[in-house]
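Chemist: predicted model, plus sequence, below.
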Amino acid sequence: MADRAEVLDEFRIAVDGVHLSRAGRRVFQGLSCGFVRGQITVILGESGAGKSTLLRLIGGLTRPDSGAVRVAGQDVAALGHADLYRMRDRIGMLFQYGALLDSMTVADNVALPLREHSDRSETEIATEVARRLDSVGLPDAGPLYPRELSGGMSRRAALARALVTEPEIVLCDEPFSGLDPLNVRRIERLLVDLNQRLGLTMLVASHHLASSMRMAHRIVFLTEGRAVSGEPDRLADSSERAIVDFLAAERGDEVPAEGSTG
Amino acid sequence: MQPSPVRDLLVGLFVLVGLGALGYLTFQVGGLSWKRPGGLTVYAAFDDVGGLKQRSPVSISGVKVGEVSGVELDELLRARVVLELDGELEVPVDSAARILTSGVLGDQFVALEPGAEEDILQTGDEIELTESALSIERLIGRFVNDAGLEEQ
Amino acid sequence: MRRPIERLGLRVLGSVSELGRMGVFVGGVVRAGVLPRYRVRRFIEELYDVGVLSLAIICLSGLTVGAVLALQGYYNLARFGAEGSLGAVVGLVLVRELGPVLTALLVTGRAASAMAAQIATMVTTEQLDGLRMMSVDPLDFVVAPKAKAMVVAMPLLNALFIVFAIFGGYLVGVSYLGLDGGQYWSSLESAIVFGQDIAGSVLKSVVFGTLVAIIATYRGYTAEPTAAGVSAATTGTVVTASVAVLVFDYAITALWGV
């Protein structure tokens, strides 16, 4: 497994030498990794390794202390307010708990990007919303409020919302956390299906190893502020301490106490 | 939130009632007058206006017919009071204006005592006969003086 | 010896930069509020939250404050035989001071704290980030309508408070203490001048509304994304806004003699 991802042009998204500190703690130290266009890349790592932070960097929600975050050729970290907002038209993000607006119905939530950024009529929007909700398996959820949905349902609704503007890049922050195996499978299948049908570039931050191995074209493993990237089936061959422990834990083996890795 | 017609109605009511309260305070209590067409504006000069001020009432025979809208000094350093009266009033030109106090310690007001002439006041006219406000100090001073004179 | 001075210096610098950040925030909100889209729908909903839901406490407090003023005022005025001026006394105190200040404090406790909590919760649940990723500026979509509603509602609530309080004073003064009704109204009306008093009262409540709006939305927006952060934003709003209202009230009264 390669220790350092080379920043090639085929990477639709490239993180280059990023340093980031939060509350006195160093999150990333010279982080470099790339994400291939049209592939599902799973970002693995211990909790606190910076998976969500990496996604936020790519979405421009967080700025690095130094280094570049290139998305479709542009350095997101250096964009001004207006340019950043325009860049986000190409990116859809699925947040860990959905992040649907709780003051609006599911249908209004999904419709929001359309109402804000397109000129479509209300009837067109309603049709589109119904179609999207249908495609994520929530045909009747439109009139419900987010608080009336289960965890899996609200995540699927949030996915519908993220996709409604037809972005080319989708960022998913721990889409499986807290879900039962049935819903994990559902969402996993949805994501794979979307990637295959629409060729979306997907970044999935997760610590759910099983799904990750099944869906990923590539793995980016975050440890000690750096990234280690490679093919999923090569993961077991890695000599990285953190990866070894991670896999051991998954298998049910003994692992060293906290603090000796990551 | 779903658009709720009830909530919209309540918001509309709130704004209306609030503006109404503001309007009441502005016009009725605060006395901002939207220019009443045909109002009668006359002037009267006094040696001493006492506590008379803007918005003090003007009355004839005890009935309020207008307000004081301003007090200024004229060239002779007398106090010139601007009286805004109802437009329909017919006040003879030789009427008198006296500054009285309502009650013993109350607010001061201008009382107009109608004269006998046939001509009536027009806007811009001056009331010639004026009697200044009584000041307690002068009254006491006069009383003490008179009492002193008697003893001699 | 050097340490406390260093710390003081750092704190001063910190406060100044906080003020700067607040300035940037306010600039963003004003820009968002002034440019289209105007978000009338959300503005109306926020106006409901701030205005309509505060009506009960404002009107009730108004009545009681007016009644208490009349009670206190009457006994003191009666000592000089000047109870005829009760209307004027009640009216002037209300219009110039108690109306704008008490309204602002009541609204701060009820609506501003709720506003800060709402925004802070949206930060914690990543709803604001969600909006950003949909290329919607949270300042435009969430904050500006809330701030506008607060600035609009405050003078209206102030007017209602004063009206109810004047009426409360009337009830006590006339019905209970036996004052002459006509005298109450005429002394009230002759004492209060639009320019000095009413306009000043409206100005104060608009200033207070703006202050409270800024503090509540800023505190909510910059809250730590945790439950403790939401709670801190809420209580912090009430404390900061209340103090700000009182300080500005003094400043306005001293400078403009209102």
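Modeler: Sure, I can see it. Owing to the predicted nature of the structure, the values given are computational and were not obtained by experimental measurement. Residues are numbered from 1 along each chain as shown, chains lettered A, B, ... in the order given.
Chemist: which residues in chain C form helices?
Modeler: C:2-34, C:40-50, C:55-78, C:86-93, C:99-107, C:113-124, C:127-133, C:138, C:144-170, C:181-191, C:199-221, C:227-256 (DSSP state H).
Chemist: do the stretch 101-250 of chain A as well
Modeler: Counting by DSSP state H, counting those that start in this stretch, the stretch 101-250 of chain A has helices at residues A:106-117, A:122-135, A:151-163, A:181-198, A:209-215, A:241-251.
Chemist: can you lay out the helices of chain C as JSON lines showing distance to residue B:22?
Modeler: For every residue, glycine as well, the C-beta is placed using N, CA and C. Compiled in JSON lines, those are given as follows (distance: least, C-beta to C-beta, whole Å):
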{"stretch": "helix C:2-34", "distance to residue B:22": "22"}
{"stretch": "helix C:40-50", "distance to residue B:22": "16"}
{"stretch": "helix C:55-78", "distance to residue B:22": "14"}
{"stretch": "helix C:86-93", "distance to residue B:22": "15"}
{"stretch": "helix C:99-107", "distance to residue B:22": "11"}
{"stretch": "helix C:113-124", "distance to residue B:22": "23"}
{"stretch": "helix C:127-133", "distance to residue B:22": "35"}
{"stretch": "helix C:138", "distance to residue B:22": "32"}
{"stretch": "helix C:144-170", "distance to residue B:22": "4"}
{"stretch": "helix C:181-191", "distance to residue B:22": "16"}
{"stretch": "helix C:199-221", "distance to residue B:22": "7"}
{"stretch": "helix C:227-256", "distance to residue B:22": "19"}
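Chemist: just want the residue of the stretch 151-258 of chain C that's nearest chain A.
Modeler: Going by C-beta to the nearest C-beta, chain A is nearest to residue C:224 of the stretch 151-258 of chain C, at 10.7 Å.
Chemist: so that residue touches residue C:236, yeah?
Modeler: No: using C-beta atoms under 8 Å, residue C:224 makes no contact with residue C:236, being 11.1 Å away.
Chemist: higher neighbour count, these two?
Modeler: A direct count of neighbours by other C-beta atoms under 10 Å in any protein chain shown for residue C:224 and residue C:236 places residue C:236 higher, at 19 against 14.
Chemist: quick one: contacts for the more buried one?
Modeler: Contacts for residue C:236 (C-beta atoms under 8 Å, 6 or more residues apart in numbering or on different chains) come out as C:116, C:219.
Chemist: one more time with 10 Å, if that's ok
Modeler: C:113, C:116, C:120, C:215, C:216, C:218, C:219, C:220, C:223 (C-beta atoms under 10 Å, 6 or more residues apart in numbering or on different chains).
Chemist: circling back to that earlier point, any common contacting residues for residue C:224 and residue C:236?
Modeler: Contacts common to residue C:224 and residue C:236, judged by C-beta under 10 Å, 6+ apart, are residue C:120.
Chemist: residue C:115 contacts residue C:209, correct?
Modeler: No: using C-beta atoms under 10 Å, residue C:115 is not in contact with residue C:209; the gap is 12.0 Å.
Chemist: ok so, going back, who wins for most neighbours among the contacts of residue C:236?
Modeler: Neighbour tally across the contacts of residue C:236 (other C-beta under 10 Å): the maximum, 33 neighbours, falls on residue C:216.
Chemist: name the nearest residue to that one, ignoring sequence neighbours.
Modeler: residue C:112 (4.0 Å; C-beta to C-beta, 6 or more residues apart in numbering or on different chains).
Chemist: what's the burial count for the one you found?
Modeler: Around residue C:112 there are 31 residues (other C-beta under 10 Å).
Chemist: pLDDT wise, what is it at?
Modeler: Confidence at residue C:112, expressed as pLDDT, is 95.
Chemist: again, but for residue A:186
Modeler: So, for residue A:186, pLDDT stands at 87.
Chemist: next one: residue B:126
Modeler: Note for residue B:126: predicted pLDDT of 85.
Chemist: how about the nearest residue to the residue of the stretch 151-258 of chain C closest to chain A, chain neighbours excluded?
Modeler: Distance criterion C-beta to C-beta, 6+ apart; nearest residue to residue C:224, sequence neighbours excluded, is residue C:232 at 7.0 Å.
Chemist: would you confirm that the one you found contacts residue C:238?
Modeler: No: contact criterion C-beta under 10 Å: residue C:232 and residue C:238 do not qualify, at 11.2 Å.
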